[in-house]
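Q: I'll drop the sequence and a predicted model, then ask my questions.
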Amino acid sequence: MICVIHAHPYPGQSRINRALADALRGTKNLDLRSLYDVYPDFDIDVDAEQRALAAAQLVVWMHPVYWYNVPSLLKHWFDKVLTYGWAYGEGGTVLHGKHCLWVPTTGGDEREYTASGLHGQPFDHFTPVIEQTARFCGMEWESPYVIHGANAIDDAKLAAHAQMLQQRLAPWRDNGAAPTGERP
């Protein structure tokens, strides 16, 4: 089972995240949880979210990057769902051994994430906080699938990204379990 936690504050205005979510809808062994649709009031059903995570072998965090981080509802979701005694700490082993794939999208292109670019450093410098969240919960960190240039991506590249994301998910989707050997 794959659990996709999709967090875009304006899903109707998102070309990239909406297209990725639409491409995943109906995928076998996949639970797509669009946080801003389900919890517009930020009142998260912690039990439901924890049940979804407990059933998954792969957890996907998919969202646009906001100020080098996750959107506010996803941060709130982390705070409410990934609790002591459940996700970490004494007795908190439910997520141990599950895989985590981060799928962030950025408005800027890859050139903007260089030493001489707008953001002054490579994108992977912004990864540690998200990676450590997964690792702190005992999850296996997968290499992120970053999509740059959301503001200017053409339809062909967008379709290719949706297909490549499906390929990244295929080992869990097709087998219902974590892949062995080389990572997709």
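A: Sure thing, it's come through.
Q: helices along the protein, start to end?
A: 16-24, 35-38, 46-55, 72-81, 128-136, 155-175 (DSSP state H).
Q: among these, which comes closest to Gly107?
A: helix 16-24 (9.3 Å; Cβ to Cβ). All C-beta spots, glycine's among them, are computed from the backbone N, C-alpha and C.
Q: which residues are contacting the closest one?
A: Contacting residues not belonging to helix 16-24 are listed as 4, 6, 8, 11-12, 30, 32, 34, 62-64, 103, 105, 147, 150, 153, 158-159, 161-163, 165-166, 169 [Cβ atoms under 8 Å, 6 or more residues apart in numbering].
Q: go through that helix and flag the buried ones.
A: Buried residues in helix 16-24, counted by 16 or more other Cβ atoms under 10 Å: 16-21, 23-24.
Q: next: stretch 110-118.
A: For stretch 110-118, a neighbour-count test (16+ other Cβ under 10 Å) marks 112-113 as buried.
Q: mind exporting it as CSV, just the C-alpha atoms?
A: What follows is stretch 110-118 as a C-alpha-only set of coordinates in CSV (Å, rounded to 0.1, in the frame of the first residue of the first chain):
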residue,chain,number,x,y,z
GLU,A,110,17.1,24.2,-11.4
ARG,A,111,19.4,27.1,-12.3
GLU,A,112,17.8,29.1,-9.5
TYR,A,113,19.0,26.4,-7.0
THR,A,114,22.7,27.0,-7.6
ALA,A,115,25.4,29.0,-5.8
SER,A,116,25.0,31.8,-8.4
GLY,A,117,21.2,31.4,-8.7
LEU,A,118,18.3,33.2,-7.0
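Q: pLDDT at the one residue sitting closest to the centre of the chain, what is it?
A: Nearest to the geometric centre of the chain sits Trp61, at 1.5 Å (Cα atoms, centre = their mean). Looking at Trp61, its pLDDT reads 98.
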